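In: Got a predicted structure plus its sequence, pasted below:
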Amino acid sequence: MRRFLSSRLLHFFLLGLMLYGITARYDKYQQRFVTCLSQSELQVLAADWARSTGRVATSIELSRLADAALDDQRIVKEAMLQGLHKSDPVIIQRLLRDAEFLGFEGSAREKIDAVLAMDIAAGDEVIRRRLIQILQHNIANAEDKIDASDDQLQAIYTENINIGAVPARLSFEHIFFDVGKTDAKARAEFALQEKLFDASTGDVFLEGNQFFALTPGSLSSKFGHDFSVALNQKEAPMGEWFGPLRSAYGFHLVRLTERQAAYRRPVAVLGPELESIWQKKQQAQHWQDYLEDLRHQYRVECHAPN
């Protein structure tokens, strides 16, 4: 054994292995770089921002857009270094389409290699988006899933007050007086005064004269905001005709038949929904940690301004 450990063959093998490792690391270092954005690329980002927001980007916002573009470069290059483009059917079909567009000939493998050799893939937006999507999915599912604790679920429930919120609901009947006809408000007031509470007293309302379990949002959608606010006031009497209330269509005499108070479903019932939110937060944090690590691995190279 001692003779083997001191042999030249072993020494050459270990030296070769060490040189191979150094070379591999150096090759990866050489490939792990991104190019800072040119002035024209920054102008495109600024124009896209202005188009989508309707205002000019501030210097801070433009800097964030540039940082995000560099992150995209890192992700795409890292995904290709990991060979994620070699087995995805969407990317393969896209590469073949690019090869046919450029007039490359040969087998499918030869066409794909020709496109990759020209570094066209990194500039194809469909391939870029797909590579980012695949790498995000791989990183999100890389770690073992850990269930949230009761305290963590409670924290999510407390922080997100809209989760599990069930809005108030009203059921009612009404008599409609069309504002397009003469003296609509006066006719409604007369019907209330004389206690003429038959639907035939008013005009035809196409959606009917009875509504059940409508939320404030549904009421606003059907009748308008002011009508919804008036009907949801605590002072609105239950079981008695009152009004007239103005809507987007005219005036209404209304009788509330049921009022369901707003409430919030408890944590015990919302467990699966809260767990899903927690898992997504963990995946998002895991991705951000991975992205931060990529930023340290990749150097940024800037060339002459253009």
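Out: Yep, that arrived.
In: Enumerate every residue touching Q73.
Out: 34-35 (Cβ atoms under 8 Å, 6 or more residues apart in numbering). C-beta: built from backbone N, CA, C; applies to glycine.
In: what do you get for Y298?
Out: When contacts are taken as Cβ under 8 Å, 6+ apart, Y298 is in contact with 32-34, 74, 77-78.
In: which one among these gets closest to T158?
Out: R74 (36.0 Å; Cβ to Cβ).
In: Show me which positions of the helix or strand where that closest one lies end up buried.
Out: If you go by DSSP states H and E, R74 is part of helix 59-81. Within helix 59-81, the residues scored as buried using 16 or more other Cβ atoms under 10 Å are 62, 65-66, 69-71, 73-80.
In: Now the two most distant members of the residues you listed.
Out: L62 and M80 (27.5 Å).
In: Could you find the closest non-adjacent residue to A262?
Out: Sequence neighbours aside, A168 is the residue nearest to A262 in space, at 4.2 Å (criterion: Cβ to Cβ, 6 or more residues apart in numbering).
In: How many residues are close by the one you found?
Out: By other Cβ atoms under 10 Å, 14 other residues sit near A168.
In: ok, now how distant is it from Y263?
Out: 9 Å (Cβ to Cβ, to the nearest Å).
In: now Q93
Out: Counting by Cβ to Cβ - Q93 and Y263 are separated by 51 Å.
In: likewise F33?
Out: Counting by Cβ to Cβ - F33 and Y263 are separated by 56 Å.
In: The two: who's more crowded?
Out: Using other Cβ under 10 Å as the criterion, F33 and Y263 rank with F33 on top: 14 against 11.
In: Now do the same contact list for the more buried one.
Out: F33 touches 298-301, counting by Cβ under 8 Å, 6+ apart.
In: So which residues of this protein form strands?
Out: Along the chain, the stretches classed as strands by DSSP state E are 33-35, 165-166, 169-178, 210-214, 241-246, 250-260, 263-264, 299-301.
In: Of these, which is nearest H225?
Out: Once the strands of the chain are compared by Cβ to Cβ, strand 241-246 is nearest, at 11.0 Å.
In: and the closest one, average pLDDT?
Out: Averaging pLDDT along strand 241-246 gives 93.
In: List the strands paired with it, with their directions.
Out: strand 250-260 (antiparallel) (DSSP bridges).
In: In CSV, could you pull the C-alpha coordinates for the partner strand?
Out: Presented in CSV, the C-alpha positions along strand 250-260 are these (Å, rounded to 0.1, in the frame of the first residue of the first chain):
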residue,chain,number,x,y,z
GLY,A,250,-84.4,55.5,-11.6
PHE,A,251,-86.1,55.4,-8.2
HIS,A,252,-86.9,52.4,-6.0
LEU,A,253,-89.1,51.6,-3.0
VAL,A,254,-87.2,48.8,-1.1
ARG,A,255,-88.1,46.3,1.6
LEU,A,256,-85.2,44.3,3.1
THR,A,257,-86.0,40.7,3.7
GLU,A,258,-82.7,39.4,5.1
ARG,A,259,-79.4,40.9,6.3
GLN,A,260,-76.4,38.7,6.7
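In: buried residues in it?
Out: 250-256.
In: now do stretch 83-100
Out: So for stretch 83-100, counting by 16+ other Cβ under 10 Å, buried means 84-85, 88, 91, 94-95, 98-99.
In: model confidence over stretch 161-168, on average?
Out: Mean predicted confidence for stretch 161-168 is 92.
In: Check the separation of the first and last residues in that stretch.
Out: 15 Å (Cα to Cα, to the nearest Å).
In: For that stretch, give me every contacting residue.
Out: Contacts for stretch 161-168 (Cβ under 8 Å, 6+ apart): 156-157, 215-217, 232, 259-266, 269-270, 273-274, 277.
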